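**Q** need the 3D shape of this:
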Amino acid sequence: MKAKLILLFLSVYCWNTHAQIDIQKRFQSESRKYYIWNKEFEKYELKETEYENSVIDIREIGSKTNGYIVISMNDNGLARLHHGSIIEFTQTSEEEGTWLIRSKFMRAKLVYNPKENTITYLYDVDGKRYSKLMIFSVTPDEIPNASLKTIANTDD
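**A** Numbers count the residues shown, from 1 in each chain. Coordinates of the predicted model:
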C-alpha cells in the first residue's frame, strides 16, 4: 500500500514538472513618466508626467521566454496600444525581471521592479540606444481575470 501511495505521489510530481507554464500577469497604472533621450546632453529628459490609466498584460506561454506583452494606454483621450512577442527573459535581480519584446515594427524592453512597484518600458531603438522610455507606477491585479464575471450553467 505504501509503495502504491509513493508511486502515486511520484507520478503527480513528475506530471507537474512537465506541465506547461501558462501565466498571465496584469498590472494597472494611473500615472506614468515619459522620457526622451537627449543626444546633446547624453541623458534621458523628462518630457511629461501623465495621470491617465494604463493596463499592462504579460502572458508567458510554455516558458518565460515565450508569450506576448500588451500595453494599453489612454493618452490625451486617445487609446494607444503597444504589443509584441517575448523573445528573451532575464532575471536581473532576485525579484526584478526583464523581457525583450519584438513585433513586426519595433523592438522594446520591459523591466518590472516589484520593490518600487514600477514597470519601465523602453522602446523606439535608435541604433544602439532606446530613444524613448516610460516609467509606469503599477499595482498588480490580485486575480488575473478580476474584471470578468463568472457565468454559471443553470441547466439542470
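**Q** CA only for contacts and neighbour counts going forward, please
**A** OK.
**Q** next, count neighbours for Ala108.
**A** 22 (other CA atoms under 10 Å).
**Q** A strand includes it, no?
**A** Yes - assessed with DSSP: H, G, I helix; E, B strand; the rest coil, Ala108 lies in a strand.
**Q** apart from its chain neighbours, what residue comes closest to it?
**A** Among residues not flanking Ala108 along the chain, Tyr123 sits closest, at 4.4 Å (CA to CA, 6 or more residues apart in numbering).
**Q** burial count for that neighbour?
**A** So Tyr123, with other CA under 10 Å, has 19 neighbours.
**Q** repeat that for Phe27.
**A** The burial count for Phe27: 21, using other CA under 10 Å.
**Q** I'd say it and Ile56 touch.
**A** Yes - Phe27 is within contact range of Ile56, at 5.1 Å (criterion: CA atoms under 8 Å).
**Q** just checking the distance from the strand of greatest length in the chain to the centre of its chain.
**A** In the chain, ranked by residue count with DSSP state E as the criterion, the top strand is strand 21-38. A distance of 7 Å separates the centroid of the chain from that of strand 21-38, by CA atoms, centre = their mean, to the nearest Å.
**Q** who does that strand touch, helix- and strand-wise?
**A** strand 43-50, strand 54-62, strand 129-140 (3 or more CA pairs under 8 Å, 6 or more residues apart in numbering; DSSP states H and E).
**Q** which among these is found nearest to Gly84?
**A** With CA to CA, the closest approach to Gly84 among these belongs to strand 54-62: 10.2 Å.
**Q** just the buried positions in that closest one, please.
**A** 54-61 (16 or more other CA atoms under 10 Å).
**Q** same check, this time on stretch 62-71
**A** Buried residues in stretch 62-71 (16+ other CA under 10 Å): 64-71.
**Q** same check, this time on stretch 86-97
**A** By 16+ other CA under 10 Å, the buried positions in stretch 86-97 come out as 86-87, 89, 97.
**Q** out of the residues you listed, which are inside strands?
**A** 86-87, 89, 97.
**Q** and which of these is nearest to Asn76?
**A** Nearest member of these to Asn76, counting by CA to CA, is Ile86, at 28.3 Å.
**Q** what's across from the closest one in the sheet?
**A** Ile101 (DSSP bridges).
**Q** for it, give its distance to Arg129.
**A** Per CA to CA, to the nearest Å, Ile86 is found 19 Å from Arg129.
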